[in-house]
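Student: Next come a sequence and a model predicted from it.
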Amino acid sequence: MNKQTFRGLHRDLGYFYIGLIVSFAFSGILMNHRDIFHAEKYTVETKEISVTVPQEEEKITEKFAEDFGKQLGIDDKFRRHKVKDGEFKISFEKHDVEIDMKTGKGEIVSFQKTPIVSQMMKLHKNTSNWWIYYSDIFGLSLIFIAITGTIMIPAGKFSFKRRGWKLAFAGILFPLLFLIFLA
């Protein structure tokens, strides 16, 4: 293959994947900061409650949590429950419930999915077979785009041989150092 062929493939793959690249980058940035805010959903209503729950953690099973949600008037899909540090938490598709087990006081938070953003964030979480294969092809294409990008610049002071390899080395070294020393 000559440089023109690489240049054409580099350009066309870049055009083809631009939407996915932007979606992954944008939703990845949002996911990096999900401890500050949850961009995938937004709160519609918070309702204070006062209930009685068993004090024995072993009585709070998945079935109990699901039925308890129905008693609270929540009819959407049950996701999970957790008891930790005296807090009973139940997560549903459109509601979260948090209850202090000692006092029985808590809240029901109702939320909606953020349009477009929640769908983009699903790209990072999707595990269906077709998406895994598509993501693998995408990953290989990104590798190809990166490699062809290194050989497209003609010889000169900005070429990969003269300058680019140093930046590429720094780009590889930085995340490795970050993982070794700060993780």
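Tutor: All right, it came through fine.
Student: Residue 109 belongs to a strand?
Tutor: Yes: counting by DSSP: H, G, I helix; E, B strand; the rest coil, one finds residue 109 located in a strand.
Student: Let the chain start at 42 from now.
Tutor: Fine by me, first position is 42 from now on; the one you just mentioned is residue 150.
Student: Name the helix or strand of the protein that has the lowest mean pLDDT.
Tutor: helix 158-166 (a mean of 79; mean pLDDT, DSSP states H and E).
Student: Buried residues of the helix or strand just after that one, list them for me.
Tutor: Next along the chain after helix 158-166, taking DSSP states H and E as the criterion, comes helix 170-193. For helix 170-193, the buried set under the neighbour-count rule, 16 or more other C-beta atoms under 10 Å, comprises 176, 179, 182, 183, 186, 189, 190, 192. C-beta: built from backbone N, CA, C; applies to glycine.
Student: okay, now the domains of the protein?
Tutor: 42-78+158-191, 82-154, 194-224 (automatic domain parsing).
Student: so where's this protein uncertain?
Tutor: Low-confidence segments of the chain (pLDDT under 70): 224.
Student: rerun that using 50 as the cut-off
Tutor: Scanning the chain for pLDDT under 50 picks out nothing.
Student: can you pull the buried residues of the longest helix seen in the chain?
Tutor: Longest helix of the chain, by residue count under DSSP state H: helix 44-73. Applying a neighbour-count criterion of 16+ other C-beta under 10 Å, one finds 47, 51, 54, 58, 61, 64, 65, 68, 71 buried in helix 44-73.
Student: check contacts around the second one.
Tutor: The contact partners of residue 51, by C-beta atoms under 8 Å, 6 or more residues apart in numbering, come to 185, 186, 189, 190, 193.
Student: switch the cut-off to 6 Å
Tutor: Contacts of residue 51 were listed using C-beta atoms under 6 Å, 6 or more residues apart in numbering, and they are 186, 189.
Student: how close does the residue of the chain most remote from its centre sit to residue 47?
Tutor: Distance from the C-alpha centroid of the chain, by C-alpha atoms, centre = their mean, peaks at residue 197 (40.8 Å). Look at residue 197 and residue 47: by C-beta to C-beta, to the nearest Å, they are 17 Å apart.
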